[in-house]
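Peer 1: The amino acid sequence is not available; the structure is as follows:
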């Protein structure tokens, strides 16, 4: 299969491709811990990045396995216990950064607060948003709304200093993702963020006649020592190409270094 793919390329491009044979894969239905095996495709890809043989990893495989492999092979940034998958969505008022969209299903206040800082730094670095406005996704905007984790995280985020002169605007509801009127960054746990993202994808597919602006099916894993992009499991060729373009953009502008610098952490 690999030989056929490489053989289909123009001769000038074939020399730019190298193949690393492996014996195992982590399937979409397999536990993410399967990525602990060093002889899997995702671990081989992570190893290529860690060794300098590749500048970035783009995967359309199991998200959990990709995150696990990236953490094991590239390491986490200091002070970032749970890396986040960050997606950027088109909104009426400009791009909206949504995180986490599937890296961690924990909804702990400390994790949500850390992700608020990650999202603010990402918006400032990648999208050049000045003084990003950060909101916490909940079921209402009034103080005290939401479950225990959201009620605890709300004052926690409000009390912390955010990078890039970002400001916390409090609780926001799901419709803010498509409007962007009150928040440039919306923080959620990975379970809620993933459900919301896929719901938005379906709505765009069903309702929009203009397909020139659609939600991305690729998210950046922020908080590990390398550029890692995770594409939707149902990604098309165009979606994967978009993920590759995002990876190239993040690598060329050294986004990980800039984000880590804004956060005051070591990025490996």
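Peer 2: In hand now; what should we look at? Only a predicted model underlies this, so the values are computations on that prediction, with no experimental measurement involved.
Peer 1: where do the helices sit along the stretch 1-150 of the chain?
Peer 2: Using DSSP state H, counting those that start in this stretch, the helices found in the stretch 1-150 of the chain span residues 2-7, 11-14, 41-50, 63-74, 109-126, 148-159.
Peer 1: Quick one: closest of the ones you listed to residue 184.
Peer 2: The closest of those to residue 184 is helix 109-126. By Cβ to Cβ, the value is 5.3 Å. Bear in mind the C-beta positions are built from the backbone N, C-alpha and C, glycine included.
Peer 1: So residue 135 is in contact with residue 186, correct?
Peer 2: Yes: the pair residue 135 / residue 186 is scored as a contact, 5.2 Å apart, by Cβ atoms under 8 Å.
Peer 1: hey, what's in contact with both of these two?
Peer 2: Jointly contacting residue 135 and residue 186 under the rule Cβ atoms under 8 Å, 6 or more residues apart in numbering are 172, 176.
Peer 1: neighbour-wise, which of the two wins?
Peer 2: Comparing residue 135 with residue 186 by other Cβ atoms under 10 Å, the one with more neighbours is residue 186, at 28 against 25.
Peer 1: wouldn't the more buried one be in contact with residue 138 here?
Peer 2: No: using Cβ under 8 Å, residue 186 is not in contact with residue 138; the gap is 10.2 Å.
Peer 1: How many neighbouring residues does residue 47 have?
Peer 2: The burial count for residue 47: 18, using other Cβ under 10 Å.
Peer 1: which non-adjacent residue is nearest it?
Peer 2: Leaving aside its sequence neighbours, residue 47 sits nearest to residue 73 (Cβ to Cβ, 6 or more residues apart in numbering; 6.0 Å).
Peer 1: Could you list the low-confidence segments of the stretch 101-250 of the chain?
Peer 2: Scanning the stretch 101-250 of the chain for pLDDT under 70 picks out the ranges 205-206, 208-216.
Peer 1: In it, mark out all the strands, start to finish.
Peer 2: Counting by DSSP state E, counting those that start in this stretch, one finds strands in the stretch 101-250 of the chain at the ranges 133-137, 167-172, 185-187, 218-222, 227-231.
Peer 1: helices or strands next to the longest one in the packing?
Peer 2: Applying 3 or more Cβ pairs under 8 Å, 6 or more residues apart in numbering; DSSP states H and E, we find strand 167-172 packed against strand 133-137, helix 148-159.
Peer 1: so of the ones you listed, which one's packed in deepest?
Peer 2: strand 133-137 (a mean of 24; mean count of other Cβ atoms under 10 Å).
Peer 1: Which residues outside it are in contact with it?
Peer 2: Taking Cβ under 8 Å, 6+ apart as the rule, strand 133-137 contacts 112, 116, 119-120, 150, 153-154, 157, 162, 166-174, 176, 182-188, 192-193, 196.
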